[in-house]
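Colleague: take a look and give me a structure for this.
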Amino acid sequence: MIDETVRDEVRRVAESARAASAALGQTTAGERNRALIAMARALREHAVDIIAANGRDMDAAREAGTKESLLDRLMLDADRVDAMACALEDLVALPDPLGCVQDERQLYNGIELTRVSVPLGVVAVVYEARPNVTADATGICLKSGNAAVLRGGSLASASNEAVARVLHDAAVGAGMPQGCIGLIASTDRAAADELMQLHGVIDVLIPRGGAGLIHHCVEHSKVPVIETGTGNCHVYVHATADLEMARAIVLNAKCRRYGVCNAAETLLIDEAAADSLLPALLSDLRAQGVVLHADECALRVARAHGIEAQAAVEQDWATEYLAPEIAVKCVGGVDEAVDHVNRYGTRHSEAIVADPADAEGAAALEAFLNRVDAAAVYANASTAFTDGGQFGLGAEIGISTQKLHARGPFALAALTSYKYVLRGTGQVRA
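Modeller: Sure, this is the predicted structure:
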């Protein structure tokens, strides 16, 4: 049985958001932008309180033995609070996603048809250890005229409550409806499960976190789900690749931040280039403390150059490490690389490094870009760029790896639907 107090809290927050959504959807772009500016200002003004709350979360997480990659995602300091505020201000500069005319024509019967963008209504976001999601999700929902219901994980409970309270009070103070930003304080799994049952109150549910959370939501939610994918991302180094370019891309894709979903988790390299390119790539990774899980070919190269590595097992190809670890595999060419990516990847972000001036390299680039099934595919660039801000979309709620409604970094446009507005002069249908 679900604890009644948990059920009551979830329904209270969700129904308050439902009531607020009607008024929020009628606000003007200027009104919503002024609220975002007020919210950004409030984050900066209350940074000390937010960081103190985050400190309590960090202390508890360390005592629980939480791994470093998750601690990095959890931690807030003055710069990260300011970055959350900046992300809200960046949203202000973006065009209003509501009221956009997507189609306009006269029907055969003289009725004027217009299709216009409208809010989804109430967006619920279930997420784990990143308190910045509280601000990002809130901002993007408000900018797109949606009420937000947030349910964060236990690791960031104090941080999430502090951020959500500051944002809600600032938004209401700027004229937004009470309840437009709702945080479910309970971190009991029953709270998320109850939220998933609120079909008709919640319009869409967005899980943001690990594979277990996402699969649980997809399997148990009665509310439509937009999947944010786990990131088992690959960098494939073709035999024609420039070594220095490959080194820079591999290091950036893997080591820029280990705990993010666009980090590379597998390095693929052509067998023909294993002896010439792989030693430097492996040495670079080991110099950063990255553990190498290498197939037989890559292990041979590593040992020949005195580079510490361990034998890969089947599970390594499907693992999202979110840590200083990477799988390394030699492949027979672009066909095998594509097959491997499509089999083990999570449809998130994939990259190839090859020489476009070389005929074989150019052909490999096009084959990889055309045949890999992923939300973002890169030629000669790091997977680290898969990000709403980097794509010019502003703050994002996540990276969608599904194919319906939204794919890739989904931001303002992905949080709208549309409706048909039809204007007649008395027409009736026979």
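Colleague: burial measure for residue 279, as a count.
Modeller: Other residues within reach of residue 279, judged by other CB atoms under 10 Å, total 16. In this view, the C-beta of every residue, glycine as well, is placed from N, C-alpha and C.
Colleague: use 54 as the first number for this chain going forward.
Modeller: Okay, residue one is now 54; in that scheme the one you just asked about reads as residue 332.
Colleague: distance of it relative to residue 178?
Modeller: For residue 332, the distance to residue 178 equals 44 Å [CB to CB, to the nearest Å].
Colleague: equivalent analysis for residue 94, please.
Modeller: According to CB to CB, residue 94 stands 23 Å off from residue 178.
Colleague: more neighbours, those two?
Modeller: A count of neighbours by other CB under 10 Å puts residue 178 above the other of residue 94 and residue 178, at 26 against 15.
Colleague: wait, a strand at that one?
Modeller: Yes - according to DSSP: H, G, I helix; E, B strand; the rest coil, the state of residue 178 is that of a strand.
Colleague: what bits of the stretch 154-303 of the chain have low per-residue confidence?
Modeller: 282 (pLDDT under 70).
Colleague: how close does the residue nearest to residue 63 when sequence neighbours are not counted get to residue 253?
Modeller: In this structure, residue 63 finds its nearest non-sequential neighbour in residue 247, 4.4 Å apart by CB to CB, 6 or more residues apart in numbering. To residue 253, residue 247 is 14 Å away according to CB to CB.
Colleague: neighbour count: the two, which is higher?
Modeller: Using other CB under 10 Å, the more surrounded residue of residue 247 and residue 253 is residue 247, with 22 against 9.
Colleague: would you map out the domains in the protein?
Modeller: Here the domain parsing of the chain from the TED database is 57-282+461-475, 286-438.
Colleague: nearest to residue 445, out of these?
Modeller: domain 57-282+461-475 (8.8 Å; CB to CB).
Colleague: assign residue 346 to helix, strand or coil.
Modeller: Under three-state DSSP, residue 346 comes out as strand.
Colleague: what's near enough to touch it?
Modeller: With contact set as CB atoms under 8 Å, 6 or more residues apart in numbering, residue 346 has these partners: 362-366, 369, 378-381.
Colleague: so residue 292, which of the three states?
Modeller: Put simply, residue 292 is coil when judged by three-state DSSP.
Colleague: what strand or helix carries residue 76?
Modeller: Element membership of residue 76 [criterion: DSSP states H and E] is helix 57-77.
Colleague: and residue 432, how close does it get to residue 322?
Modeller: The spacing between residue 432 and residue 322, counted by CB to CB, is 16 Å.
Colleague: before we move on, the earlier item: which parts of the helix holding residue 76 are buried?
Modeller: 59-60, 62-63, 66-74, 77 (16 or more other CB atoms under 10 Å).
Colleague: stretch 232-249 now?
Modeller: So for stretch 232-249, counting by 16+ other CB under 10 Å, buried means 232-237, 239, 241, 244-249.
Colleague: which of those residues fall within strands?
Modeller: In strands, defined here by DSSP state E, the members of the buried residues of stretch 232-249 are 234-236.
Colleague: and the helices in the stretch 154-303 of the chain?
Modeller: Using DSSP state H, counting those that start in this stretch, the helices of the stretch 154-303 of the chain run over residues 185-196, 210-226, 242-248, 264-273, 296-308.
Colleague: in a markdown table, list these along with distance to residue 408.
Modeller: Formatted as a markdown table, these follow (distance: least, CB to CB, whole Å):
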| stretch | distance to residue 408 |
| --- | --- |
| helix 185-196 | 38 |
| helix 210-226 | 46 |
| helix 242-248 | 48 |
| helix 264-273 | 35 |
| helix 296-308 | 9 |
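Colleague: quick one, which of these is packed in tightest?
Modeller: Greatest average neighbour count among those goes to helix 185-196 (a mean of 27), per mean count of other CB atoms under 10 Å.
Colleague: elements contacting that one?
Modeller: helix 82-98, helix 131-145, strand 175-180, strand 200-204, helix 210-226, strand 234-236, strand 257-261 (3 or more CB pairs under 8 Å, 6 or more residues apart in numbering; DSSP states H and E).
Colleague: redo these as JSON lines? Include distance to residue 476.
Modeller: Formatted as JSON lines, the helices and strands packed on helix 185-196 follow (distance: least, CB to CB, whole Å):
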{"stretch": "helix 82-98", "distance to residue 476": "23"}
{"stretch": "helix 131-145", "distance to residue 476": "32"}
{"stretch": "strand 175-180", "distance to residue 476": "29"}
{"stretch": "strand 200-204", "distance to residue 476": "29"}
{"stretch": "helix 210-226", "distance to residue 476": "34"}
{"stretch": "strand 234-236", "distance to residue 476": "35"}
{"stretch": "strand 257-261", "distance to residue 476": "29"}
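Colleague: kind regards, and thank you for your time.
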